[in-house]
Each structure stands twice: as C-alpha cells, then as structure tokens.
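In: Take a look and give me a structure for this.
(2 chains)
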Protein chains: 2
Amino acid sequence: MRQIRIGLIGLGTVGSGVVRILRDQAALIDQQTGLSFKIVGAAVANLDRERAGDLQRIPLVAHVSELINDPSIDVIVEVMGQVKKAKALISAALKGGKHVVTANKDLIAQSGNELAQLAVDNHVMLRYEASVAGGIPILQTLRTVYTADPVNEIAGILNGTTNFILTQMDSQNWSYDQALQAARDKGFAESDPTNDVDGFDAAFKLGILTKIAFGLSVSQSQIEITGIRGIAVADVRAARTSGYELKLVAMAKRTSAGLQLSVAPMVIQEDRPLAKIQNENNAVWVKSANIGTALYVGPGAGQLPTGNSVVTDLVQVGKAIRHRDPAEPFALKRVADLPSIIPGHRSYWVLLASPDNDQLPANVKLLFGDVKVSQPDVIRGLDPHRTLASIEVRLDSPMPLETFVNLTQQLGDIRAAYPVLED
Amino acid sequence: MRQIRIGLIGLGTVGSGVVRILRDQAALIDQQTGLSFKIVGAAVANLDRERAGDLQRIPLVAHVSELINDPSIDVIVEVMGQVKKAKALISAALKGGKHVVTANKDLIAQSGNELAQLAVDNHVMLRYEASVAGGIPILQTLRTVYTADPVNEIAGILNGTTNFILTQMDSQNWSYDQALQAARDKGFAESDPTNDVDGFDAAFKLGILTKIAFGLSVSQSQIEITGIRGIAVADVRAARTSGYELKLVAMAKRTSAGLQLSVAPMVIQEDRPLAKIQNENNAVWVKSANIGTALYVGPGAGQLPTGNSVVTDLVQVGKAIRHRDPAEPFALKRVADLPSIIPGHRSYWVLLASPDNDQLPANVKLLFGDVKVSQPDVIRGLDPHRTLASIEVRLDSPMPLETFVNLTQQLGDIRAAYPVLED
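Out: You can find the predicted model right below:
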C-alpha cells in the first residue's frame, strides 16, 4: 500500500474537514485505491489555540517551511486562504517538487496560469477542485466529460451566501438587511460581506470556470459584475408573483460576437430546475455541443463537502504518484477562439405600470424592432392602486440593462427589470 | 501523438454519434489529450443498408471477428445492443486483450461482474458510462468523487420515455395512451414499450448504480418494480394540485435494516429541483456522508449525449493505454455491508374523501401510532361533489404501498396514494 504524505497548511473549517474525512474514510479509500494518506503535520497561525479533541493528534508546526522542506512530504494542501502569502508558499512548494492541492479561489483566479506553469515546469500537479462550488465536482467534470464536447455556455449559482439571502427574502418576506443578518447568524456571511454580496466571489469562480471551459484567461475587469447589495424584497416578490425566481447568476456565454461574461441578479422561470436551488446550495449549468444541457447541483461550501473536494484531488494526486503520470496543466488546452468580450443580455423581464397593457407588445416592437415579446401577464396585488403588467422581451442582440431600462421606461412606470436566464 | 485504434460494433444511433464526435472534435481531443482516435472498421448487420453520407467513409465489415482478431485494434466499442450475442463478442474481445467500451445496460446489469473479472484477468479495461443516464457522467462521478464519501441513497429519474409520458400527461392533460403515442411519434418509445413503461429499463440501470455506489450485486428480482402503464391522468393532475409532481423514481436507499431497492411512481414536492426534470431528461440524486445531497441532470438518451459518454470512456482508455495503467474493475471495491433488502417506503402522500378532514391527523395516529402527519390540505375542484383532503404521512419504518393503502382506506375514500421522495 502506497502511503501519500501530506503537509497541511491551515486547520480551519476546510482543513478540519480534510483531517476528518481522511481519518474516518481511511478503510474505504484503501479498499478502492490501495492508497493511504497520512497528515505529517499542519502549519497553523496560532499554536496555542484550543482545537477540537479529534484534531489534537495532528502534529502542529509554526512555520510552513518545516512542511515545504520536509523531504518525506509528497503533497502540500493549502487551505488557509489569503492570496499573497499563499502564492508565495505554493510557489515554493511547487519549486521544491511537491504536488499542491488548494481551495484558494481568489489565488487561482488571479494567478492560476502562473502557478500552473510552475507546476508543469517542476513536473508536479496543482489541483483546486474545492475552489469552485464546494462539493460539486465541476472542474473535474469539465476536464473529463467535456474533453470532446465544446462548451457554449456556463451559468451558475456560485455563491451560497447570496443565494441564502435571496431565498430567505423570498420565503420569509424579509428585507435585504434582515436576510443578511440571518446569513451572518448562520456563519454564511462575514462581518464585511462585500466579497459575497457585491458579486466578487462569484466573479472569481466564474474566471476559473471560463479558463477551464473556454481556454480564455479573464481578469475581473472583463466581467460585468452586479451584486445584490440592498436589493428590494419587492423585486424578489414581484419576480415570484410573475413566475420567476430571482438569483445571482454568474454566466459565460459564447455569442457570435464573442464571450459574454457577467455576474448579475437574473430571473429564472420557475419551472426550471435551476430556479429551485435554495439557500446555501450551488448549481452549475453547462450547455455544450454534444450533451446539450446539463446541470450539476450540490452544497457550495461547508467543512465536509469542501473537504471532500480536496480529498478527491488528493486521491487523483495519489494515483498519479503511483502511476508516475505527467503533471496536469491548470486548464484544458482549449483554443481561445473568442475574439472579444461583450456586455449585456438578450432576454429581459420587466414589470411595469403601463397606460395600455394590450398595446404593450406592439409598443415594444416599435421600440426594439421585430423582437419576441410575450403576451402581458396582468399582476394584481403588488400595487394597491393599479394593475401591473409582466412581460418578457427577447432582443435580437445583447443590450446592457441600463440601456434596456432607459428605452423601456417610455412604455410605462417600471417597477422591476432583470435579465432572464435563457434556455 | 498516440493513435488509439477502434473497432466499432454497431452503427445505429449511438454508433453514428461516436463516429461524428470523433471526427468533428478530433482537433479538440488532440489539443487536450495528445491522443487521436481512428475507427478501423465497423461491423454491421446489413452491409447493403444505405448510410448517411458522412458515415460512408467508415470501412464496414460483415463479421465481428474481423475486428476482434485484428491485432492493430486497441479498443472494441460495442453499441449494437442485444444481450447474448454482445456478451459472447465482448468476452472474446477481452480474452483477446482488447479494451472494451459498451453502452449495453441490459448486459452490464446482468453480467457485469463476470465481464469485469474477465477484463481484470486479461489486464484490459471495461467501461460503460453510456449504459446509465445517457449524457450524465454518473458512473465516473461515483467512482471518483465518492471514493471517500459513503453513499446513503441514490434516487433517479433514469428512464426518459416514462418521464416524457408523465410530463406530457401533466402539461397537455393527455391520457396515458395519448402520451404514449406522442412518445412513439417522437421516437422515444418502441412499438412494444414494456421495457420502459413497466420499469425494467430503470431497474437495470438501478442495478448498475447499486453495484458502483454500494458494492452490492443485485438481481432484478431483488428490486420492487412498479411501472407507469395505464396510470390515470387524474392521479398526475391530483398530485400537481396537491403540490407534487409524479415521477417514475428508481431508488436504492440504505436503512438500518438493509438496502431498500425500488422502481416506482413516486411524488416529489414541487419546490425540489428533481420535481422539475421534464420530458426525456434524466436526473440522479445522491445523498452521502460528506457532500450531503447532490443532483446530476442531463439528457437520458440521444445520439450525441450518449455518444459523448462513449467518447469520454474512450479518452480514459486512451490515457490508460498511454500510461500503461492497470485495468479498472467493474465497480469500486466497496464493502457490501448491507445485510438485507427490504420493501416499502416510509413517506406517503394520500388524497382522500374523508368524513372529517379536521380529525384526519388524529385518525392517522390511531392507525399508525405517533407518526408524523401533515395538516390536511383541502383540495377543491378535483371532485365535483366533495372536497378532498391531501395529507403526507411519515411512518417510523418502511411499509409496502399495498399495506399502507389497505390500512388508510379506513379513513375515507382514497383517490390517490403514492410514496413521497423524502429529502
């Protein structure tokens, strides 16, 4: 039985999960792979902090260098977070000939290419399944199942905190602030929730998915990012009343003009499975040439789901060590044949108070040309004084939300307008 | 560039898909894997049958032995169907030292263990991703992502034909016969639909999943199989009106008493993603110790989705040939620690006309002991003469549907009763 020796950096939520899974499932892992995994030591910031009883057998070290320089260690698992420090130590580990498994999405989104090249140069593996969508094996799936299947679109609910907030606003009729506080109470949201609610976390994950699915390296500035901060419960309820669910959707979509990249609140028709992804769950929807449409759903975070993704990577590294496989690059070597990145969406839902609901479709066509527009749904009860009309407009080409709203307000008093996730 | 040489047996729907993907995506496959795949020849039953123009370049052979005995061929792809003949030729190929990829679920469900042992004995690989759930990579996912994650339950919509029938009955208000005819017209159902509508196809797939997820080999006789033949549209509509969707669900569930295996029409609460899987789509839901609940959704059949699963297997075989990896067994070597297989379900939905709706929960408890029972939902409009009550009962231990119905009819006139897929 080959023993794979691990140096663990960080013993927080994810690190504890890795320790527990490797211990509790050692027999299962052995049965199925013939491998055993041993955590040689864990580097932690505070040696004196009290740890749960079942973690106390792990030898702690104060300096990461003790792990990186230990010649008996095969793999470094980095689960401490932080970008700059993590980059330095992962670089050192790779240069020292150690394989690396990390859950650090910010780092991979920003420096994945550079670290991947370093791994290839040093004939070691760099894996990071846990960096996107917690327990959903989306990176491995894109790497293997889509090897011969060109991807046309990836869309996902990639941030569990914002999905929890939106679900609670909807189900409890809570304000944004009330739902954010509930997310804090549950430990989903940090005291400064910027990274989650302003869409940056989802955008980092989208960057990693875009690299793997389309071969294109994108910076955050190339993604149109709109968060959910301060979103009105009236919008969430209006969407629901009109037959949609409001979700924060991260999307990379191939169009004739280029790749459209956005993180934005969007509405999803309620009879679609993606509309039913609730609370802290994540989901990734992939449209491709062969498979068509597929959906992968699971928990977006948490000790054991995220720990499981790290362990899945460790098992792959262990098998590669045994087989002496060549190092695996950061992304599939897809050709980035996409010339440009364009903003905007093609389909919009708009809820408005119009002087003449029956004339709405004709008036939309006067504004936008011969586009597709649904028959208006008359919505009562959202406004005490008047009925509102809910329509869905499908334009011929993408348009930014602001432009769409500026044009559409000629038709009436707009109460809500969001892009629609198209089939 | 290593060329992998293929002998194709069968050039029907799936075989044509494999030919087209390997041809159209050759550049992408090369980029990402450094492998090229060449179809040396295809064995077909009728050499004279006219083929689509783009298939005419494939050299046809009349006898499978020409492929199996060709020393230049690395892999046999079996996509002709038929159990007995396929078993003989796959056995011959494995004994001849050829890797085998097959889409033949009936064969793998019945003889998977035997063929897998033959593959191991001959140091070759046997793969069959396409045999379950078409374009969903569920076998590979179970094999890799669940290596260290014990599975507690697998439930799925594994038969696209029956899901199409149920979806159409619901959305079009069609009878079973009308919906079956529509499925025939679309090419989803065969002239004798027994295999699909009586649940046998789903049961074969469940057998394969059970082997891989739980390590347990089960025969069809160990699965409680109920199909949807002749199901009443009134039941489909009543379920919908009561807040459920009716689906044919295949399930393997670990309980304290053993593994419960069933294929049966069940209801799913409408706010669950699985309730929204429509038409010919498939879905597999996995509950496990680490990840918790995950859901994998995609097309259940079709030329390109199923062809893609065959190609994914071929790429894995190609990589293994290059790395000289050892042969992979039929299933994960999980310990089958499950002593017995027990029938029945714990949760039931029942719609009934009761003399006293308010007393229903108390009366249920008189019958079944202190079980969980929902407050009755009063349903109007399904019966012109009386209101009906919809309740959900969660028993303490599993009970067969027939027993449940026999007991429950003391409470009123039962209009519909189905097991509920529990969270």
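
In: Please make it C-alpha for all contacts and neighbour counts, starting now.
Out: Noted.

In: For beta bridges, what are the partners of the nearest residue to A:Ala155 once chain neighbours are set aside?
Out: Closest residue to A:Ala155 in three dimensions, ignoring its sequence neighbours and counting by Cα to Cα, 6 or more residues apart in numbering or on different chains: A:Met251, at 4.2 Å. According to DSSP bridges, the partner residues bridging A:Met251 are A:Ala155, A:Ser262.

In: Pull the distance from whichever helix or strand A:Gln181 is part of to the chain's centre.
Out: If you go by DSSP states H and E, A:Gln181 is part of helix A:176-185. With Cα atoms, centre = their mean, to the nearest Å as the basis, helix A:176-185 stands 21 Å off its chain's centre.

In: Also stretch A:258-265?
Out: If you compare the mean C-alpha spot of stretch A:258-265 with that of the full chain, they lie 13 Å apart, counting by Cα atoms, centre = their mean.

In: Kindly report the same for stretch A:270-285.
Out: Relative to the mean C-alpha coordinate of its chain, stretch A:270-285 is positioned 13 Å out (Cα atoms, centre = their mean).

In: does it come close to chain B?
Out: Yes. Using Cα under 8 Å from any Cα of the partner chain, stretch A:270-285 reaches chain B at A:Asp271, A:Arg272, A:Pro273, A:Leu274, A:Ala275, A:Lys276, A:Ile277.

In: Out of the residues you listed, who's the most crowded?
Out: A:Leu274 (26 neighbours; other Cα atoms under 10 Å in any protein chain shown).

In: Quick one: residues contacting that residue.
Out: A:Ile268, A:Ala283, A:Trp285, A:Leu295, B:Pro273 (Cα atoms under 8 Å, 6 or more residues apart in numbering or on different chains).

In: and if we set it to 6 Å?
Out: Neighbour list for A:Leu274: empty [criterion: Cα atoms under 6 Å, 6 or more residues apart in numbering or on different chains].

In: how much space is there between it and B:Leu314?
Out: When distance is defined by Cα to Cα, to the nearest Å, A:Leu274 is 31 Å away from B:Leu314.

In: and if you look at A:Arg415?
Out: Counting by Cα to Cα, the separation of A:Arg415 from B:Leu314 is 53 Å.

In: same thing with A:Gly34?
Out: The span separating A:Gly34 from B:Leu314 equals 24 Å under the rule Cα to Cα.

In: which of those two has more neighbours?
Out: Each of A:Gly34 and B:Leu314 had its neighbours counted (other Cα under 10 Å), and the higher figure belongs to B:Leu314 (24 against 14).

In: The more buried one: which element?
Out: Secondary structure assigned from DSSP H and E places B:Leu314 in helix B:303-323.

In: what element comes up after that helix heading to the C-terminus?
Out: Heading C-terminal from helix B:303-323, the first helix or strand you meet, by DSSP H and E, is strand B:345-353.

In: Which strand or helix spans A:Gly7?
Out: Assigned by DSSP H and E, A:Gly7 belongs to strand A:2-9.

In: if we look at the next helix or strand after that strand, which residues are touching it?
Out: Helices and strands here follow DSSP H and E; after strand A:2-9, the next one along the chain is helix A:13-24. Where contact means Cα under 6 Å, 6+ apart, the residues beyond helix A:13-24 that reach it are A:Val79, A:Gln303, A:Leu304, A:Gly307.

In: My read is that the third one contacts B:Asn290, right?
Out: Yes. At 4.8 Å, A:Leu304 and B:Asn290 qualify as touching, with contact defined as Cα atoms under 6 Å.

In: who's more crowded, the two?
Out: Remark: of A:Leu304 and B:Asn290, A:Leu304 carries more neighbours, 27 against 22, as counted by other Cα under 10 Å.

In: Okay, that one and B:Asp413: tell me how far apart.
Out: 47 Å.

In: Same check on A:Gln222?
Out: Counting by Cα to Cα, the separation of A:Gln222 from B:Asp413 is 63 Å.

In: More neighbours: which of those two?
Out: Between A:Gln222 and B:Asp413, counted using other Cα under 10 Å, the more crowded position is A:Gln222 (17 against 14).

In: Dihedrals phi and psi, the spatially most central residue of chain A?
Out: Among the residues of chain A, the smallest C-alpha distance to the mean C-alpha position (Cα atoms, centre = their mean) belongs to A:Leu158, namely 2.9 Å. A:Leu158 adopts backbone torsions of phi -110, psi -10, taken as degrees, to the nearest 10.
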